[in-house]
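Trainee: test case, fold it:
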Amino acid sequence: MQKKSTLFAIIAIILSGCTSLEDKISAKPAIEQRELLAEFDRESLIQAVGDIEKSNPLRFLAIPSAGVRPIQEVVQRATLFQSAVQKIVGHKIQGSIVNSALVADYKDLKISLIYVAQNGSEISEEEFVVYTTVSAGTSAMFDVEITKPDQAKSYKYRVVGASATE
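Mentor: Model prediction:
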């Protein structure tokens with residue numbers, strides 16, 4: 001039990017202030033590096049990192065880019081002398097979700113979309129679930145229909161929930 005708690009402490013310290021496991025270990029003197037890694041084999045380190053990542057998915061999931069776009073429907077077809085006439089029938093948000101975890105995969109990603117008025121006031125908030133799995137170190141695209149308020153000029157988005165896969 002002491003070995004397991006020591007392992008979790010080491011992994012927590014490693015993940016707290018650096019971008020990768022290698023950065024933290026390489027920052028230590030060579031003797032300390034050997035002492036840290038000598039006690040544990042590769043599989044137990046991977047298991048410990050996976051347990052930490054699964055316990056806090058929001059730390060490893062991000063939406064670097066997304067955009068709200070109109071959904072248009074053709075009302076009148078184009079003719080020889082006139083362009084097609086289109087009407088906006090709704091909106092959708094398209095973007096990508098990045099999983100920066102080393103081991104853990106996440107599914108059923110809950111996203112919060114906040115609509116902001118021109119003066120900066122938050123008009124409304126909408127939450128939706130993207131039913132996809134994002135593997136460790138990869139990204140996934142999403143495309144969801146939304147109901148955008150008329151006065152919304154901008155928006156904010158973030159991941160507010162996810163489930164770790166087994």
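Trainee: list the buried residues of stretch 64-76.
Mentor: Going by neighbour count (16 or more other C-beta atoms under 10 Å), the buried part of stretch 64-76 is 66, 68. Every residue, glycine included, has its C-beta placed from N, CA and C.
Trainee: so residue 50, which state does it fall into?
Mentor: Assigned with DSSP: H, G, I helix; E, B strand; the rest coil, residue 50 falls in the helix class.
Trainee: quick check, pLDDT for it.
Mentor: Looking at residue 50, its pLDDT is 85.
Trainee: can you list the domain ranges for this structure.
Mentor: According to automatic domain parsing, the chain comprises the domains 2-55, 58-164.
Trainee: mean pLDDT lowest for which of these?
Mentor: When mean pLDDT is averaged over each of the domains of the chain, domain 2-55 scores lowest at a mean of 66.
Trainee: can you pull out the helices in this protein?
Mentor: Taking DSSP state H to define them, one finds helices in the chain at 2-16, 21-27, 30-38, 42-55.
Trainee: now do the strands in this protein.
Mentor: Counting by DSSP state E, one finds strands in the chain at the ranges 61-76, 85-99, 106-116, 122-134, 139-146, 154-164.
Trainee: what's the closest of these to residue 43?
Mentor: Distances from residue 43 to each of those were compared using C-beta to C-beta; the shortest belongs to strand 154-164, at 18.5 Å.
Trainee: quick one: contacts for residue 152?
Mentor: Applying C-beta atoms under 8 Å, 6 or more residues apart in numbering, one finds that residue 152 lies in contact with 115-117, 123-124.
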